[in-house]
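> Curious how this folds, go ahead:
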Amino acid sequence: MARYFFDLHDGNEFTDDREGVICGTLTEVSDHAVGVLPDIAREELPDGPNRRFWIKVRDENGAYVFRASLALATAWLVKDADGQTQPGEELRLAALRRTHEQVRAIRRDLAEDGLSLEMAEIDSLIGLAQTEAERMMKSLSQMAAPAAR
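Now for the predicted structure:
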């Protein structure tokens, strides 16, 4: 039996586990990490419509041995409902922002897994997608700014 430490990232903050959990098998390690994520997401939901939570597990020597993540993405599909304007972003801008964040997460995962060099072609394509999403978000934001005045 070994002690494992479950560090939490919520996209904004990092919380390192100082106590750890004793696990008898690697399956217990992964089950614990996966089991904690929904509870954390439920606690953090009021902080925004699009969130990604992940747990990285360290062994007793401080080496990361496992990662689990949970993505929450919400979007209004209409401009208004029952005469009420939806409270979120314009649909296209929200979709682009969500895509941008998801692409960024994929690139981060590749880098953390040490696969960026081995998967250079894929990382390059993902980088192009990220750049194009940024360009389109900027363009939509600029188009929306005069309309808001």
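
> What backbone torsions are found at the residue positioned nearest the centre of the chain?
The structure's the chain has its C-alpha centroid closest to Arg52; by C-alpha atoms, centre = their mean the separation is 2.7 Å. For Arg52, the backbone dihedrals (degrees, to the nearest 10) come out as phi -130, psi 130.

> Number of residues surrounding the closest residue to it other than its chain neighbours?
The shortest distance from Arg52 to any non-neighbouring residue, by C-beta to C-beta, 6 or more residues apart in numbering, is to Ala71 (4.8 Å). C-betas here are computed from N, CA, C, even on glycine. Around Ala71 sit 15 other residues, with neighbours defined as other C-beta atoms under 10 Å.

> Check the gap between Ala71 and Ser30 for me.
18 Å (C-beta to C-beta, to the nearest Å).

> what's the answer for Phe5, then?
According to C-beta to C-beta, Phe5 and Ser30 sit 14 Å apart.

> cool, and His100?
His100 is 29 Å from Ser30, by C-beta to C-beta.

> Ala2 now?
In terms of C-beta to C-beta, Ala2 sits 14 Å off from Ser30.

> now Ala68
For Ala68, the distance to Ser30 - C-beta to C-beta - is 7 Å.

> So for the two, which sits in the more crowded spot?
Shown here are Ala68 and Ser30; by other C-beta under 10 Å, Ala68 has more neighbours (19 against 16).

> Touching, that one and Asp31? I think so.
No: look at Ala68 against Asp31 with C-beta atoms under 8 Å: they stay out of range, at 9.8 Å.

> Now do the phi/psi pair for the nearest residue to Lys79 once chain neighbours are set aside.
Excluding its sequence neighbours, the residue lying closest to Lys79 (C-beta to C-beta, 6+ apart) is Gln86, at 6.4 Å. Backbone dihedrals for Gln86, given as degrees, to the nearest 10, come out at phi -60, psi 150.
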